[in-house]
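# requesting a structural model of the entry that follows:
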Amino acid sequence: MAVSNNNGYPPQNMTASTSPCWRKSPEPIRAIWHSLLAILVLSATLMLASRPAQANDTRFRSHELVQVDDSVVLNAAVTMTPGARLQELVDSGLSVPFRLEFVLTRPRWYWLDETVISRNLDLRLSYHALTRQYRLAVGSIHRSFAEFDDALRAMLTVRNWEVADGRNLRERRDYKASLRFRLDITQLPKPFQVAAFGDSELDLSTGWVSWQVRIDDTGHE
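Residues are numbered from 1 along each chain as shown. You can find the predicted model right below:
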């Protein structure tokens with residue numbers, strides 16, 4: 001819009017000045033979230049560090065593959081001395097994950113061994129405060145126990161876990177079976193993963209154990 005004046009200068013254009021309207025910054029929300037996460041990590045760390053670490057002994061007491069009709073099943077028993085921290089995690093309300101891993105390979109002289117079978121069995125220990133019962137989940141099967149030691153003992157004994165169809169193994173004779181049982185820290189909530197990393201009392205793993213398996217033409221070991 002041109003505005004006239006009587007001072008001898010040419011008219012000047014007048015333009016409206018506007019200021020951008022900023023939305024509320026999300027930074028305070030991020031700061032609150034980061035603070036809460038830090039508190040959770042610190043709480044988990046303090047809980048896991050409340051007792052001195054104890055050496056644990058986790059190993060297989062026995063393991064075997066058995067032919068049952070057309071199936072190959074695994075029986076295994078684990079010895080574990082976890083100390084107090086494992087029960088503290090369970091009693092706090094966490095569902096603590098374990099995993100049993102089985103691999104069957106066929107040796108090849110000209111290349112890397114061939115993986116014939118790879119199977120995992122997921123197990124979880126938890127505590128239900130309302131019923132005051134410890135719960136063991138093995139796959140889709142659930143069992144309840146009055147005492148933590150009973151639930152732990154049941155978890156460490158695996159019977160008749162089907163790992164292979166024996167009919168698919170009849171053409172091959174020599175195999176290497178490998179087995180491992182461990183606390184699966186990667187499935188814990190993030191704050192507890194950070195706190196448990198490097199904690200010797202929660203380093204509950206047998207490591208890999210291997211043995212030779214020979215199956216005859218009828219599919220039996």
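# OK, contacts around the spatially most central residue of the chain?
The centroid of the chain falls nearest to residue 187 when counting by Cα atoms, centre = their mean (3.0 Å). Going by Cβ atoms under 8 Å, 6 or more residues apart in numbering, residue 187 touches residue 97. C-beta here means a position set from N, CA and C on the backbone, and glycine is covered the same way.
# one more time with 10 Å, if that's ok
Residue 187 makes contact with 95, 96, 97, 98, 99, 122, 124, 193, according to Cβ atoms under 10 Å, 6 or more residues apart in numbering.
# may I see those residues organised as JSON lines, with distance to residue 140, neighbour count and secondary structure added?
Below are the contacts of residue 187 laid out as JSON lines (distance: Cβ to Cβ, whole Å; neighbours: other Cβ atoms under 10 Å; DSSP: H, G, I helix; E, B strand; the rest coil):
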{"residue": "95", "distance to residue 140": "15", "neighbour count": "15", "secondary structure": "coil"}
{"residue": "96", "distance to residue 140": "18", "neighbour count": "23", "secondary structure": "strand"}
{"residue": "97", "distance to residue 140": "15", "neighbour count": "18", "secondary structure": "strand"}
{"residue": "98", "distance to residue 140": "16", "neighbour count": "22", "secondary structure": "strand"}
{"residue": "99", "distance to residue 140": "15", "neighbour count": "17", "secondary structure": "strand"}
{"residue": "122", "distance to residue 140": "10", "neighbour count": "14", "secondary structure": "strand"}
{"residue": "124", "distance to residue 140": "11", "neighbour count": "20", "secondary structure": "strand"}
{"residue": "193", "distance to residue 140": "25", "neighbour count": "14", "secondary structure": "helix"}
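# greatest separation within those: which pair is it?
122 and 193 (16.8 Å; Cβ to Cβ).
# before we move on, back to that, how far away is the residue nearest to the centre of the chain from residue 200?
Using Cβ to Cβ, to the nearest Å, residue 187 is found at 20 Å from residue 200.
# not counting sequence-adjacent ones, nearest residue to residue 125?
Using Cβ to Cβ, 6 or more residues apart in numbering and skipping residues adjacent in sequence, the residue nearest residue 125 is residue 96, 4.8 Å away.
# go ahead and confirm the one you found touches residue 122.
No: using Cβ atoms under 10 Å as the test, residue 96 is too far from residue 122 to be in contact (11.6 Å).
# which residues are common contacts for those two?
Counting by Cβ under 10 Å, 6+ apart, the residues touching both residue 96 and residue 122 are 184, 187.
# for this structure, which segments are assigned as helices?
27-48, 85-91, 148-155, 190-196 (DSSP state H).
# which stretch in those helices has the least confidence?
With a mean of 52, helix 27-48 has the lowest mean pLDDT of the helices of the chain.
# what's near enough to touch the closest residue to residue 118 other than its chain neighbours?
Closest residue to residue 118 apart from its sequence neighbours, by Cβ to Cβ, 6+ apart: residue 103 at 5.1 Å. If you count contacts by Cβ under 10 Å, 6+ apart, residue 103 has them with 113, 115-120, 163, 176-180, 208, 210.
# in PyMOL, select just the buried ones from those residues.
Here is the PyMOL selection string for the buried members of the contacts of residue 103, based on 16 or more other Cβ atoms under 10 Å:
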select buried, resi 116+117+163+177+178+179+180
